[in-house]
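> mind looking at a prediction? Sequence and model below.
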Amino acid sequence: MIREDSFKRGKNNIEMLLLNILCDQDYYGYELTMLVNKYSNQMMSLPVGSLYPILYKLQEKGYVSSQKKLVGIRKERIYYHIEPAGKEYLQALISDYNYINKAIQNVLNHNYIKVEDSNHE
Amino acid sequence: MNKDTAKYIKSIKIAFPFFHKSEKRFFSDFVSTIRDYAEEHPNCTYEELQDNFGSPKDVVVNYYDTMDQNVYYMIFKRVHYIHYITITTIVLLFILFTIALSILIHEKYKYNQTIIDHIDTTITSTEQNTPVIKGDENK
């Protein structure tokens, strides 16, 4: 059964994408926005205004940790690292995403069949 | 960092309705991202930054839109509380100031009354035919 909150997926989708990218290696904020853009073949851009609140939330829940690294002489960058709990959460998000996608597809297909039938008549 | 980048960062800061701990943290990270971009694009313009990162309004709207609803609610509650405390403090200070001013005026009035009484009571007569008022001696 699909949970009601499964439809409120906007934030969860971004969480899923970020955690998935962080599985490769640790990245800092700007890199994450660039990579979302790159891996989606420039079809998706992640606003920085949305990126950081989501990273903070993931951090608070223990899915992600952050580490300051000195770059150059004075500049510091915050690198984000996925934790084991984050990997488990990512698996749950992916299976939830696949489930809801399949459910939506079923509804769309049903309507599509009805439209096709009415066209034949 | 060029002029347009500095202008863009400043406009983002101004766009926030309030600037508490959570906004400061976000702003610091946001500025770091803009600096990273500005390093790669040293001649970037204000419009270019708006196209890539959004207008100041978009940035703020995205920030609050993505925040946890509970955190969002707590922030507004805290701001409301701060406004309440500020207004109450101002009203109390005004009342205290009015009371202090009233007391001061009253004391001054009482003091003036005693001076008048003193003058009234210090009229002396040294001789029977020529009365001298002490207050007039210095004139």
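Great, that's in hand. Numbering: from 1, shown residues only, chains lettered A, B, ... in the order given.
> where does pLDDT dip in the chain?
As the question left the chain open, I've gone with chain A. Scanning chain A for pLDDT under 70 picks out A:1-9, A:112-121.
> nope, chain B
Regions of chain B meeting the criterion pLDDT under 70 cover residues B:68, B:116-139.
> break down it into its strands, ranges please.
For chain B, the strands defined by DSSP state E occupy B:123-124, B:132-133.
> ok, chain A next?
A:27-28, A:64-71, A:75-82.
> interface residues of chain A facing chain B?
Contact residues, chain A versus chain B (Cβ under 8 Å from any Cβ of the partner chain): A:11, A:14, A:28-30, A:33, A:47-50, A:52-54, A:56-57, A:75-78. Any C-beta I mention is one placed from the backbone N, CA and C, and that applies to glycine too.
> what's the distance between the residue nearest to B:V71 when sequence neighbours are not counted and B:D4?
Nearest non-adjacent residue to B:V71, counting by Cβ to Cβ, 6 or more residues apart in numbering or on different chains: B:S22, 7.1 Å away. Distance from B:S22 to B:D4, counting by Cβ to Cβ, to the nearest Å: 27 Å.
> likewise for A:L22?
Distance, A:L22 to B:D4, by Cβ to Cβ: 32 Å.
> next: A:Q91.
Distance, A:Q91 to B:D4, using Cβ to Cβ: 44 Å.
> re earlier: how about the strands of chain A in a markdown table, adding mean neighbour count and distance to B:F97?
Converted to a markdown table, these look like this (neighbours: other Cβ atoms under 10 Å in any protein chain shown; distance: least, Cβ to Cβ, whole Å):
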| stretch | mean neighbour count | distance to B:F97 |
| --- | --- | --- |
| strand A:27-28 | 20 | 53 |
| strand A:64-71 | 13 | 49 |
| strand A:75-82 | 17 | 48 |
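> B:R35: which of those is closest?
Ranking the strands of chain A by proximity to B:R35 (Cβ to Cβ) places strand A:75-82 first, at 7.8 Å.
> measure how that closest one sits relative to strand A:64-71, angle-wise.
For strand A:75-82 against strand A:64-71, the angle by axes from the mean of the first three to the mean of the last three Cα atoms, to 10 degrees is 150 degrees.
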